[in-house]
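Enquirer: sequence below, structure please.
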Amino acid sequence: MLKPVSKTIDLGDGRSIKIETGKLAKQADGAVMVTMGNTVLLAVVTAAKDAAPDVDFMPLQVDYREKYSASGRFPGGFTRREGRPGDNEILVARLVDRALRPLFPSDFHAEVFVYVTLFSADGVDQPDALAGLAASAALAVSDIPFEEPISEVRVVRINGEFKINPTFEEMQFADIDLMVAATMDNIMMVEGEMKEVSENDMLEAIKFAHEAIKVQCQAQLELSQEVGKTEKRAYSHEVNDDELRQRVHDECYNKAYSIAVSGTSKQERSDAFENIVEEFKAQFTEEELEEKEVMINRYYHDVEKEAMRRAILDEGKRLDGRKTDEIRPIWIETDCLPIPHGSAIFTRGETQSLSTCTLGTKDDEKLIDDVLLKSKAKFLLHYNFPPYSTGEAKPIRGIGRREIGHGNLAFRALKDMLPDNYPYVVRLVSEILESNGSSSMATVCAGTLALMDAGVPIKKPVSGIAMGLISENKGTNYAILSDILGDEDHLGDMDFKVTGTRDGITATQMDIKVDGLSYEILENALNQAKAGRMHILDKIQEAMPQPRADYKENVPRLVEFTVPKDMIGAIIGPGGKIIQGIQEKSGAVVTIEELEDGLGHVQIASADKTSLEKAREMINQIVALPEVGEIYEAKVTSVMPYGCFVEFLPGKEGLLHISEIDWKRFENIEETGIKEGDKIRVKLLEIDPKTGKFRLSHKVLLPKPEGYVEPERRPRPPRRERNNSDENHKPRHHHSNSSNEQE
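Expert: The predicted structure follows:
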């Protein structure tokens, strides 16, 4: 018999979130259904009973999936079923992972899987803001060891007011968009974007989010109490030897400390640290090492961590010899590649990004077909992290979650700096050639430079910096580190990335690995980050003060204009015949789409100016309206006894009567020598207001003979006779805009 248990969280504005367990997926270790309005997510967690041999890390896997049926849609593709997770799903999963991972016990190494699935959504409430709450609640109702519940919320600022978990529609008015994860007492993770806001504004947003999170954490504690899951399972995943631990510390610590304060390069430091532990292992036999090596490596890692932290806290010395607020040397080169539309190398210490910028047309837009979002993207940023960037000998295995996450952070940092209504599609690609700390921030800097080198008139340059923290005694003794190294990230207590212009923050990402991080420390870190950003911005603007005044030669030039909606079909033609012909004859790329205001938007692109102008002229001829008094280059489409029909604009035909061909009189059309397919210049004399037929003349463009006398008109036959005559001389096909024949 089902005995579901539920808790309701009041958001204080007429909305609520319901957490329910005991109904679905009961064979899993924990499962909850989270409902907000018509949005429903199911979170399920399972954990292995034992850890795999020699595993000394937390093997956590978080998956977030959105079902197309959640919004009443079919998936695309031939199979019509969901496939690999999209970028959006991966980004949500990463947010949840980063919030949960620090709260598993450090000696718990069993595999844990967290599955969060979106089963219902109406496009009003944003499901990603509920994924962290759902995952944590599933852990709370399980017996999987987990220190305390967390929750995630989205906090935005709209018209100066903060709001928790806004709707999709409300997002367009927000100037702050942050996802914040926290426990009852501590901030764990922050990620988001802002429209050049101050450090104080960002801090206030985090505080506001934390108050809402506390309520959600309390609801999980109460839910856990009601289902009787406050006691977690016993485990023993580590074999330890306290005597060996002390030996490793006694024999290795002083050596490691001397390296930590020596200020060496990454490779020298890495080799020196490795030599210490290898020398220690050399005193053991192969049989002894088989039993003890895993423990030795674990204990030595703790020695390295302690040595690095003590060097910073006690002597203010960092691994590479810098002061805590010092930025590594920067060198920059722009226009470093001959063919890409824009290129730049940004090197900061031992981190290097080579970024390229490509400018494209509407055909290059990325089609987004997510469960809750169908749109086109005009700005793309791709980040690649090959193994050789850290000196590893590994094959490149495609794009992983790390690349997607780091690329998204850089994308959010730069996207609002592109010009409004910019006609080009822009693609930035960052290739990380060296990495020792914050390659995503190097991507932001190199991306800014590549955009400017391409001639993109960005609003302002953007720089980014990664901050670190070393703290002890609940934050009473701490050091904030600017421009952190990879080891300082790995062995430290915080990785805090901030990007922005001179006028404010544009994006941030923060992961905190320690309890008791005060808002005072956060504020100090933000202010120190600002100073670092300004220093890096100075270097960027020294290298390139402003974007190029013009695009490079191989960049496609664009012409954009609108046409009446009823002309779209005429430009495209049956089966695309007309538009394909324009592209083939001109060499330009032509795209056209219908706008919401009833107009058609035409974009012509070509690196060749002549090609561009030719395509535009061809389209202008199609959409042009006939004007009385204008002269046109016409083509003879059919020949009749009384004259010829000519096409003087695409789709516009009229009769050129035999009497309007020349000043001299012709007895029959054969005397004129005109045949089908000939080109002839004509002038539009009149448009009949009743019939819309065109009266055309060629003779008025010829010199009038001296002494010319207008011939007398022959009497018109009776109407019946005229009608019969018309029937006998109809053209081979109908011409709706032909003028009346003159008998």
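Enquirer: for the chain, which residues score under the pLDDT cut-off?
Expert: For the chain, the stretches flagged by pLDDT under 70 are 1, 475, 516, 711-743.
Enquirer: same thing but at 50, please
Expert: 721-743 (pLDDT under 50).
Enquirer: can you pull out the helices in the stretch 551-700 of the chain?
Expert: Using DSSP state H, counting those that start in this stretch, the helices of the stretch 551-700 of the chain run over residues 568-572, 577-586, 609-623.
Enquirer: list the contacts of Leu656.
Expert: Ala634, Gly643, Cys644, Phe645, Val646, Ile680, Val682, Leu696, Ser697, His698 (C-beta atoms under 8 Å, 6 or more residues apart in numbering). C-beta here means a position set from N, CA and C on the backbone, and glycine is covered the same way.
Enquirer: which members of the residues you listed occur in strands, if any?
Expert: Among those, DSSP state E puts Ala634, Gly643, Cys644, Phe645, Val646, Ile680, Val682, Leu696, Ser697 in strands.
Enquirer: got a list of what Ala43 touches?
Expert: 31-34, 114-117, 131, 134-135, 137-138.
Enquirer: returning to what we had before: closest one to Gly321 among the helices of the stretch 551-700 of the chain?
Expert: helix 609-623 (55.1 Å; C-beta to C-beta).
Enquirer: report all helices and strands that the closest one contacts.
Expert: Other helices and strands packing on helix 609-623, by 3 or more C-beta pairs under 8 Å, 6 or more residues apart in numbering; DSSP states H and E, are strand 557-564, helix 568-572, helix 577-586, strand 599-606.
Enquirer: partners of the last one in the sheet?
Expert: Think strand 599-606. strand 557-564 (antiparallel), strand 589-594 (antiparallel) (DSSP bridges).
Enquirer: mind listing what's buried along the last one?
Expert: What that stands for is strand 589-594. For strand 589-594, the neighbour count (16 or more other C-beta atoms under 10 Å) marks Val589, Val590, Thr591, Ile592 as buried.
Enquirer: how about the nearest residue to Lys7, chain neighbours excluded?
Expert: Ala219 (4.4 Å; C-beta to C-beta, 6 or more residues apart in numbering).
Enquirer: returning to that earlier point: which of the strands paired with strand 599-606 sits closest to Gln126?
Expert: strand 589-594 (28.2 Å).
Enquirer: next, the angle from the closest one to helix 577-586.
Expert: Angle, strand 589-594 to helix 577-586, by axes from the mean of the first three to the mean of the last three C-alpha atoms, to 10 degrees: 150 degrees.
Enquirer: and the helices and strands packed on helix 609-623, which is most packed in?
Expert: Highest mean neighbour count of the helices and strands packed on helix 609-623: strand 599-606, a mean of 21 (counted as mean count of other C-beta atoms under 10 Å).
Enquirer: identify the residues contacting that one?
Expert: With C-beta under 8 Å, 6+ apart as the criterion, strand 599-606 contacts 361-362, 423, 556-565, 567-568, 571, 586-595, 612, 615-616, 619.
Enquirer: circling back to that earlier point, out of the helices of the stretch 551-700 of the chain, nearest to Gln267?
Expert: helix 609-623 (51.4 Å).
Enquirer: related to what we said a few turns ago, with distance to Gln27 added, can I get the helices and strands packed on helix 609-623 in CSV?
Expert: Formatted as CSV, those follow (distance: least, C-beta to C-beta, whole Å):
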stretch, distance to Gln27
strand 557-564, 58
helix 568-572, 57
helix 577-586, 58
strand 599-606, 55
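Enquirer: closest one to Glu653 among these?
Expert: Here helix 568-572 is closest among those (C-beta to C-beta), at 14.0 Å.
Enquirer: for Asn186, see how far away His210 is.
Expert: 9 Å (C-beta to C-beta, to the nearest Å).
Enquirer: between those two, who's got more neighbours?
Expert: For His210 versus Asn186, the count of surrounding residues by other C-beta atoms under 10 Å is larger for His210: 21 against 18.
Enquirer: wait, Ser136 touches Leu223, no?
Expert: No: Ser136 is beyond contact range of Leu223, at 10.5 Å (criterion: C-beta atoms under 8 Å).
Enquirer: neighbour-wise, which of these two wins?
Expert: Applying other C-beta under 10 Å to Ser136 and Leu223 shows that Ser136 carries more neighbours, namely 29 against 21.
Enquirer: A helix includes that one, no?
Expert: Yes: under DSSP: H, G, I helix; E, B strand; the rest coil, Ser136 falls within a helix.
Enquirer: so which strand or helix has Phe280?
Expert: helix 266-281 (DSSP states H and E).
Enquirer: now the very next helix or strand once past that helix against helix 266-281, angle please.
Expert: Where DSSP H and E defines the elements, the next helix or strand beyond helix 266-281 is helix 286-315. Per the same axes, to 10 degrees, the angle that helix 286-315 makes with helix 266-281 is 130 degrees.
Enquirer: so what are the sheet partners of the next helix or strand after helix 286-315 and their directions?
Expert: Following helix 286-315 in sequence order, the next helix or strand is strand 330-334 (DSSP H and E). Sheet pairing of strand 330-334 (DSSP bridges) gives strand 342-348 (antiparallel).
Enquirer: go ahead and produce PDB holding the CA coordinates of the next helix-or-strand element following the partner strand.
Expert: The element immediately downstream of strand 342-348 (helix or strand, assigned by DSSP H and E) is strand 351-360. The C-alpha trace of strand 351-360 is given here as PDB (Å, rounded to 0.1, in the frame of the first residue of the first chain):
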ATOM      1  CA  THR A 351      48.000  29.300 -19.500                       C
ATOM      2  CA  GLN A 352      47.500  30.100 -23.200                       C
ATOM      3  CA  SER A 353      44.500  30.400 -25.500                       C
ATOM      4  CA  LEU A 354      44.600  30.800 -29.300                       C
ATOM      5  CA  SER A 355      41.200  32.100 -30.300                       C
ATOM      6  CA  THR A 356      39.700  32.600 -33.700                       C
ATOM      7  CA  CYS A 357      36.600  34.600 -34.800                       C
ATOM      8  CA  THR A 358      34.500  33.700 -37.900                       C
ATOM      9  CA  LEU A 359      31.800  35.900 -39.300                       C
ATOM     10  CA  GLY A 360      29.000  34.200 -41.100                       C
END
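Enquirer: and strand 351-360 with strand 330-334, angle?
Expert: Going by the same axes, to 10 degrees, strand 351-360 makes 20 degrees with strand 330-334.
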